[in-house]
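Following is a predicted model, sequence given first.
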Amino acid sequence: MDFALNEEQRLFCEAVEGTIDRISPVDRAQQLDNAKTFDHQLHAALGELGIMGLGIPEDEGGAGGSAVEQVLALEILGRKATSLAVFTVVQYMATKLLRHYGSAAQKAERLAPLCRGEIKPAFALTEAAGGTDVLASITTKGERVGDGWRLNGTKMWISGAALADVITVIARTGEHRSRGMTMFAVPRGTKGLGVRELDTFAIFGLDTCEVVFDEVSLPAEAVLGEVDQGFMQVLSTLNSERLNAAAVATGIGNGALRAATEYARERQAFGRPIGQFQALQHRLVNAGVDLEAAWLLTLRAADDDAAGRPFDVSSSMAKLATAKAGLAAADVGMEVMGGAGVDVALPMQRYYRDIRLYIFAPLTNDMITNYLGENWLDLPRSF
Ligand SMILES: Cc1cc2nc3c(=O)[nH]c(=O)nc-3n(C[C@H](O)[C@H](O)[C@H](O)COP(=O)(O)OP(=O)(O)OC[C@H]3O[C@@H](n4cnc5c(N)ncnc54)[C@H](O)[C@@H]3O)c2cc1C
């Protein structure tokens, strides 16, 4: 059993880290976040490096690689460019759905440009009535009109919808609770598509939006995958989304831990660095050990996926453990930095805000725990 990265993976991580440090060093990353601006330059550079095409085979327009490379890249992004990390989780979901369920024409049109970072996706499942009991909350409706479709409804909390060239949306198209939903690809600029940016307290570098479909007319070719099977098709990609979220949560936690440790080495009190005080050392070490343990779960789940083994339980464990460890590390980071923790010129306050996303997204920690109770411990379903 080898827990170390191989030479190729080490070089890969160096390339990702080097690109981010060159284009968006700490100060620039923070300035963009404060200005609530997406880092287009870094997105383009990562597209050139192949990061946006990870998980898609090269002969299909992607950059190859497996879930392992995806989590390695996402952990680094989480540490350094949080919002772009969140975007990239959506990116991997969108490219996976398109690769598995897109028609030849849809793939020819969009898969390679997405993988090169030339166009951007958004994925719209959640509605205002609730993301956890998602099947009950979806009221966005797709109706057949002649050969095509008409969409009406509103999606909520959609990442990157204002930037997206194409939004994949799930709408109700049949009576059956789960087998009555269809995925549609809606291009930017479609008549009746309205995108409104929401004011949130986190993930400043990526818009979060309400997306309205008002009598949107779509051709039959806008259907992604099979009519009425959209939710089942999405379900098959949710483990990957969970796993990728775990990698970002680890990265955010590691970013906070590293920044706090560096600060503790420099900052002086009572004639010594504050990092010499045992109280602080213990908090930093405990946060780091929890992050390491959570990261090992993440790598195990990625390895399960890459090897073709089931990874629903391992990815759920990874998501739960990393969200908790990331939150704890950001909390310790804030404590260690004292007043400097709230300085918006520094990234600590960003880690502290942004980690919150992964407590409830893509699925809340409570619901992941319910899932593990049922599917890992074989207890009766709790909801
Ligand atoms: C910044 C941001 C970006 C997002 N991006 C996207 C996106 O790109 N696409 C998209 O589709 N969605 C997106 N979401 C939505 C996100 O996936 C949901 O917020 C998430 O699924 C939780 O749903 P909810 O907020 O409606 O919480 P609710 O479902 O209302 O849950 C509220 C609380 O009730 C608890 N709860 C509910 N049911 C149970 C139960 N059975 N047992 C125990 N506890 C329970 C939950 O754990 C939680 O604590 C985003 C959200 C945000 C804030």
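Received it, and whenever you're ready, just let me know what you need. Just so you know, these numbers come straight off a predicted model, no measurement behind them. Residues are numbered from 1 along each chain as shown.

Could you pull out the helices in this structure for me?
If DSSP state H is used as the criterion, the helices of the chain fall at 7-23, 26-34, 40-49, 67-80, 82-101, 104-116, 134-137, 230-266, 278-306, 312-337, 348-354, 357-360, 365-375.

buried stuff in the longest one?
What it means is helix 230-266. For helix 230-266, the neighbour count (16 or more other C-beta atoms under 10 Å) marks 230-231, 233-234, 237-261, 263-264 as buried. Quick note: C-beta positions are derived from backbone N, CA and C, even for glycine.

just to revisit the earlier point, deepest-packed of the helices of the chain, please.
Among the helices of the chain, helix 67-80 has the highest mean neighbour count (mean count of other C-beta atoms under 10 Å), at a mean of 26.

How about the residues of this structure by the ligand?
Counting by C-beta under 6 Å from any ligand atom, the residues of the chain lying close to the ligand are 90, 123-126, 130-132, 157-159, 200, 203, 208, 357, 360-364, 366-367, 370, 383.

Just the buried subset of those, written out for ChimeraX, thanks.
For selection in ChimeraX, the members of those meeting the burial criterion (16+ other C-beta under 10 Å) are listed in this command:
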select :90,123,124,125,126,131,157,158,159,200,203,208,357,361,362,363,367,370
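
hang on, the earlier thing: quick one: closest of the helices of the chain to R196.
The stretch from those with the least distance to R196 (C-beta to C-beta) is helix 82-101; that distance is 18.1 Å.

just the angle between that closest one and helix 67-80, please?
Relative orientation of helix 82-101 versus helix 67-80 (axes from the mean of the first three to the mean of the last three C-alpha atoms, to 10 degrees): 160 degrees.

follow-up on the earlier one: please flag which of the residues of the chain next to the ligand sit within strands.
Counting by DSSP state E, the part of the residues of the chain next to the ligand found in strands is 123-124, 157-159, 208.

ok, back up a step: mean pLDDT lowest for which of the helices of the chain?
In terms of average pLDDT, helix 134-137 trails the rest of the helices of the chain, at a mean of 93.

What residue, apart from its backbone neighbours, is nearest the residue nearest to the spatial centre of the chain spatially?
Per C-alpha atoms, centre = their mean, the C-alpha nearest to the average position across the chain is that of V89, at 3.1 Å. Distance criterion C-beta to C-beta, 6 or more residues apart in numbering; nearest residue to V89, sequence neighbours excluded, is N244 at 4.6 Å.

What separation is there between whichever residue of the stretch 101-250 of the chain sits closest to the ligand and F360?
Nearest residue of the stretch 101-250 of the chain to the ligand: G131, at 2.3 Å (C-beta to the nearest ligand atom). G131 sits 8 Å away from F360, taking C-beta to C-beta, to the nearest Å as the criterion.

now swap in M52 and tell me
In terms of C-beta to C-beta, M52 sits 26 Å off from F360.

One more: E17?
Summarising the geometry, the distance separating E17 from F360, computed by C-beta to C-beta, is 29 Å.

repeat for D290
In this view, D290 and F360 are 20 Å apart by C-beta to C-beta.

With L77 instead?
According to C-beta to C-beta, L77 stands 20 Å off from F360.

just R309 next, same as before
28 Å.

Surely D228 is in contact with R177?
No: counting by C-beta atoms under 8 Å, D228 stays clear of R177, with 11.3 Å between them.

what's around I170, how many residues?
Here the count is done by other C-beta atoms under 10 Å, and I170 has 25 residues near it.

swap in A128?
The criterion is other C-beta under 10 Å. On that basis, A128 has 12 neighbouring residues.

what does L198 give?
Here the count is done by other C-beta under 10 Å, and L198 has 13 residues near it.

which residues does it contact?
Contacts here follow C-beta atoms under 8 Å, 6 or more residues apart in numbering; on that basis L198 touches 157, 208-210.

repeat that with 10 Å
Counting by C-beta atoms under 10 Å, 6 or more residues apart in numbering, L198 touches 156-158, 161-162, 207-210.

would a markdown table of those with pLDDT be doable?
Written out in a markdown table, the entries for the contacts of L198 read as follows (pLDDT from 0 to 100):
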| residue | pLDDT |
| --- | --- |
| M156 | 98 |
| W157 | 98 |
| I158 | 98 |
| A161 | 98 |
| A162 | 98 |
| D207 | 98 |
| T208 | 98 |
| C209 | 98 |
| E210 | 98 |
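
from those, which single one is nearest Y351?
T208 (17.9 Å).

surely the closest one meets A162?
Yes: with contacts defined as C-beta atoms under 10 Å, T208 counts as touching A162 at a distance of 9.0 Å.

what touches both of those two?
Overlap between the contact sets of T208 and A162, as judged by C-beta under 10 Å, 6+ apart, is given by 197-198.

if we can go back for a sec, tell me the contacts of the residue nearest to V89?
With contacts defined as C-beta under 10 Å, 6+ apart, N244 is in contact with 55, 67, 70-71, 73-75, 85-86, 88-93, 96, 298, 302, 315, 318-319, 362.

can you check T298 too?
Neighbour list for T298: 67-68, 71-72, 74-75, 243-247, 249-250, 314-315, 317-319, 321-322 [criterion: C-beta under 10 Å, 6+ apart].

what residues are up against the residue of the stretch 101-250 of the chain closest to the ligand?
Taking C-beta under 10 Å, 6+ apart as the test, what G131 contacts is 125, 137, 156-157, 360-364, 367.

tally of neighbours for the closest residue to K36 other than its chain neighbours?
Among residues not flanking K36 along the chain, F204 sits closest, at 4.6 Å (C-beta to C-beta, 6+ apart). Around F204 there are 20 other residues, counting by other C-beta under 10 Å.
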